[in-house]
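> this one's sequence-less:
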């Protein structure tokens, strides 16, 4: 007996892996909180060197730094392995469902079109959807947690430098969603065009009208891919430019505060290092929402095929 798939990908995540997702969120919280420890230790080590304190204290702080990095890295290692195990379990489940359709297809849905859809699903679409399941909850929680932890630490170190960083970060909140929406729209179209192309290939060529239509689909995929690349790399350029402006602004304000004895040099070093720790989780969040959109479309295609076949098999029985 085949079980129908839920309405959207997040309901499927909850149905298949809710307890695993809770464990992943717990591990994610630990990794997020540990993110600021190296920044604070870096600040203290630099300040102790500048103040010419006892060298044994520097060695001790370096040892603590190594321990913090080791704990954080080990926790993240466990998180990544566990997350991918959850994802691969979802891939296996979806492949079994689709394989059932291939081997026990009802007469109502047999034919080249059904075979093309099933081949496309079992080869590529379920791979992407299932892999997304593993990080569907923990990934945004992890990256948002790191982002919030580092920003909070920056505000604690120096509010003026934090204000400069936030000021140069705000434009990204405007252009990133706009450009991401444009990429998402093209990605959804690309998935549907490739699905139609797969169906046509399974049905076989030789017909001039069909071959012409396939060539147009191939050209359409090419145009959509190039549009995606243009938006993607333009967005990366603007995000990198924003990051460099954040560093320049932090150095300018930080140097002024150090020269006026309002901040120690270690705070500036930790601050600049923290900017890099903001850039990575922000970029990962952008990638996550792009992948979420793509996999929602793919899951809908798999869901419709599986549920339609389940109804057909139940009716035939």
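Yes, it's here. All values derive from a computational prediction rather than experimental measurement.
> What are the buried residues along stretch 71-80?
For stretch 71-80, the buried set under the neighbour-count rule, 16 or more other C-beta atoms under 10 Å, comprises 72, 75-76, 79. C-betas here are computed from N, CA, C, even on glycine.
> Over to stretch 23-43?
24, 27-28, 31-32, 34-43.
> How far does it sit from its chain's centre?
19 Å (C-alpha atoms, centre = their mean, to the nearest Å).
> Residues touching that stretch, excluding its own?
Stretch 23-43 is contacted from outside by 61, 64-65, 68-69, 71-72, 75-76, 78-79, 82-83, 86, 137-138, 141-142, 145-146, 148-150, 152-153, 157, 264, 266-267, 269-270, 273-274, 277, using C-beta atoms under 8 Å, 6 or more residues apart in numbering.
> gap between the two ends of that stretch?
End-to-end span of stretch 23-43 (C-alpha to C-alpha, to the nearest Å): 32 Å.
> Could you save the buried residues of stretch 71-80 as CSV and add columns showing secondary structure, distance to residue 219 and pLDDT?
Converted to CSV, the buried residues of stretch 71-80 look like this (DSSP: H, G, I helix; E, B strand; the rest coil; distance: C-beta to C-beta, whole Å; pLDDT from 0 to 100):
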residue, secondary structure, distance to residue 219, pLDDT
72, helix, 48, 87
75, helix, 48, 91
76, helix, 43, 88
79, helix, 42, 92
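> between these, which is closest to residue 97?
If you rank the buried residues of stretch 71-80 by distance to residue 97 using C-beta to C-beta, residue 79 comes first, at 27.6 Å.
> Now which of the contacts of stretch 23-43 would you call buried?
65, 68, 72, 75-76, 79, 82-83, 86, 137-138, 141-142, 145-146, 149-150, 153, 157, 264, 266-267, 269-270, 274, 277.
> which helices and strands does the helix or strand harbouring residue 304 pack with?
Assigned by DSSP states H and E, residue 304 belongs to helix 265-316. Here helix 265-316 touches helix 9-34, helix 36-50, helix 55-103, helix 112-120, helix 126-135, helix 138-157, helix 159-203, helix 208-259, going by 3 or more C-beta pairs under 8 Å, 6 or more residues apart in numbering; DSSP states H and E.
> mind checking which of those is nearest residue 296?
helix 9-34 (5.3 Å).
> for the stretch 51-200 of the chain, which spans come out with low pLDDT?
51-53, 100-125 (pLDDT under 70).
> burial measure for residue 265, as a count.
The number of residues packed near residue 265 is 17, by other C-beta atoms under 10 Å.
> Greatest separation within the buried residues of stretch 23-43: which pair is it?
Of all the pairs that the buried residues of stretch 23-43 form, the one spanning the most space (C-beta to C-beta) is 24 and 43, at 30.7 Å.
> In this structure residue 277 contacts residue 148, no?
No: applying C-beta atoms under 8 Å as the test, residue 277 and residue 148 come out as separate, 11.6 Å apart.
> Just want the angle from the helix holding residue 304 to helix 9-34.
Interaxial angle, helix 265-316 versus helix 9-34 (axes from the mean of the first three to the mean of the last three C-alpha atoms, to 10 degrees): 160 degrees.
> Run the chain-centre distance for helix 265-316.
Centroid displacement of helix 265-316 relative to its chain, using C-alpha atoms, centre = their mean, is 5 Å.
> please renumber so the chain begins at 2
Sounds good: first residue 2 from here, last item helix 266-317.
> just to revisit the earlier point, figure out which of the helices and strands packed on helix 266-317 is closest to residue 285.
Ranking these by their distance to residue 285 (criterion: C-beta to C-beta) puts helix 139-158 first, at 4.6 Å.
> what's that closest one in contact with?
Identification of contacts with helix 139-158 by C-beta under 8 Å, 6+ apart yields 22, 25-26, 28-30, 32-34, 36-37, 40-41, 44, 80, 84, 162-163, 166-167, 264, 268, 271-272, 275, 278-279, 281-283, 285-286, 289.
> Same question for stretch 254-271.
Stretch 254-271 has contacts (C-beta under 8 Å, 6+ apart) with 40-41, 43-49, 51, 158-159, 161-162, 165, 251-252, 272-273.
> what pLDDT, on average, does it get?
Averaging pLDDT along stretch 254-271 gives 83.
> Over to stretch 304-318?
For stretch 304-318, mean pLDDT rounds to 68.
> Next: stretch 225-239.
90.
> Likewise for stretch 13-30?
The average pLDDT within stretch 13-30 is 90.
> who's in contact with the residue nearest to residue 214 when sequence neighbours are not counted?
Distance criterion C-beta to C-beta, 6 or more residues apart in numbering; nearest residue to residue 214, sequence neighbours excluded, is residue 201 at 7.0 Å. By C-beta under 8 Å, 6+ apart, the contact set of residue 201 is 117, 211, 214-215, 218.
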